[in-house]
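A.B. asks: Just a sequence and a predicted model for now, questions to come.
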Amino acid sequence: MDGPARGKIAFPLKVALVSVAVCVGLLALFAMWRFARPSQRPSTVTPDMDRDPRFWVRVLLFDSISEFSLSAQNGFAVSDAAAGPAGAFEKTAQTVSIAPDRGIIVGDRTFGPDIEILPAEPYVVGLNERAWRGNLRLTLNSDGQSLRAINSVPLEGYLAGVVGEEMPSYWEPEALKAQAVAARTYALFIKHRFGANRAWDVRRTQANQVYGGLYSESPMVWDAVRQTRGLVLVCDQPEGEKIFPAYYSSTCGGHTENSANVFGDSYPSLTGVACPHCREVTRRSFFEWSSPPFQAEQVSSAITDRYAHLRILHTIVAIEPNALSDYEDFSRVATLSLTGSNGRKRKIRAEDFRLTVDPSGTKIRSSSYRIEFRNGAYVFLDGRGFGHAVGMCQYGAEGMARKNADFREILNFYYPSSALRSIQ
Ligand SMILES: [Zn+2]
């Protein structure tokens, strides 16, 4: 940015000196603000640290990490799975590394291969540059060379790190609240379904829902989490009223999709609904798009590398829609038919195909498209929407909130026949 005196050669000396003084003063103020700014300090103490572990989430932060820096504002304790409480560190930062064949080194002490870092109030632990609420479990991998890091965090603190990643925090408060309830429901569902058989419940990536820890929090996000505290969605299931995987995605393109067509699981509250709300709010390129060309050989090898049972096709020479969901002015592909160079045919779920050919999901933005084969490449044309389109349409939720819908109406619209329950 241009400074006040830039380019002024014949500037009177007195004014220049005053300008310099003002600049120095501003720099000093900036420096004070910069360093006083609690960027790594929590705006709030992590709530619910004494809560039942049923309401905690174990997030896999790193599968494999070696040396790193650990920090906690007021120190931390270490609990060793074998030896119990094993040490306290009053200093705020320590280096963590691996003792080959023995265990984990924190600072200058060596512990066993499975330890938990328990930060003191405000219950925030730093791992390199990122800060996470709750505790940190570190286990030595079987290679003896790397660690797995799992963040155990009370549910509401976890959600504060999710909502700001999954939705812009400047969006309407009611949309943020709908997002908080969907994310809470989804996290608990995944925890109950898969967490019992492994050391963690969810990944911190799009594989589940994106969790950024303290970095992703804001006062608006905390308001949305607090104002919906403990609220989850349930629907009728064969075993009675239960939570379900409350999926959500960016832009449905005009109609959300049945979960059965995308993920293969079926719930009454995950059936598609006509959505008139995202068109006006979303980016144009999210609503309507066409992909760049994908070379046929690369598409074929991506699919057969990933899915061993499709190697029977040898090389894939034709791709056609097999089953479609038809909506008034567009359709979404549920399954594709693949033809091999040997004439055999096999089917693949369109969502699996899309994310194998374009793992970023940003070029083939949804499974609503028309396929053309041109000059040895496939192109996906007349695309509609961004994401898998099951459950809540996030831009649609923002659109509804701008028209004064509250979070209950938004959730009821995108998860038909669901009900809100409190898990308090
Ligand atoms: Zn929509």
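C.D. replies: Looks like it arrived, so ask away.
A.B. asks: going forward, measure contacts between C-alpha atoms and count neighbours the same way
C.D. replies: Will do.
A.B. asks: how's this structure carved up into domains?
C.D. replies: Domain segmentation of the chain under automatic domain parsing yields 53-156, 285-384.
A.B. asks: Run through the residues that contact the spatially closest residue to Ile98 that is not a sequence neighbour.
C.D. replies: Excluding the flanking residues, the one nearest Ile98 by C-alpha to C-alpha, 6 or more residues apart in numbering is Ile104, at 4.7 Å. Ile104 makes contacts with 96-98, 110-115, 140, as judged by C-alpha atoms under 8 Å, 6 or more residues apart in numbering.
A.B. asks: Which helix or which strand is home to Ile104?
C.D. replies: Secondary structure assigned from DSSP states H and E places Ile104 in strand 103-106.
A.B. asks: State the paired neighbours of that strand in the sheet, together with their directions.
C.D. replies: Partner strands for strand 103-106, per DSSP bridges, with pairing direction: strand 93-99 (antiparallel), strand 109-111 (antiparallel).
A.B. asks: how about the first one: buried residues?
C.D. replies: In terms of neighbour count (16 or more other C-alpha atoms under 10 Å), strand 93-99 has its buried residues at 93-94, 96-99.
A.B. asks: re the thing from before, any chance of the contacts of Ile104 in JSON lines, plus distance to the ion?
C.D. replies: As requested, the contacts of Ile104 are exported to JSON lines (distance: C-alpha to the ion, whole Å):
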{"residue": "Val96", "distance to the ion": "46"}
{"residue": "Ser97", "distance to the ion": "47"}
{"residue": "Ile98", "distance to the ion": "49"}
{"residue": "Thr110", "distance to the ion": "53"}
{"residue": "Phe111", "distance to the ion": "52"}
{"residue": "Gly112", "distance to the ion": "51"}
{"residue": "Pro113", "distance to the ion": "48"}
{"residue": "Asp114", "distance to the ion": "45"}
{"residue": "Ile115", "distance to the ion": "45"}
{"residue": "Leu140", "distance to the ion": "44"}
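A.B. asks: Sort out which of those residues are buried, if you could.
C.D. replies: Buried subset of the contacts of Ile104 (neighbour count, 16+ other C-alpha under 10 Å): 96-98, 111-115, 140.
A.B. asks: For the residue nearest in space to the middle of the chain, give me its contacts.
C.D. replies: With distances taken as C-alpha atoms, centre = their mean, Val210 lies nearest the centre of the chain, 1.3 Å away. Val210 makes contact with 162, 165-166, 203-204, according to C-alpha under 8 Å, 6+ apart.
A.B. asks: top of those residues by neighbour count?
C.D. replies: In terms of neighbours by other C-alpha atoms under 10 Å, the contacts of Val210 top out with Val162 at 26 neighbours.
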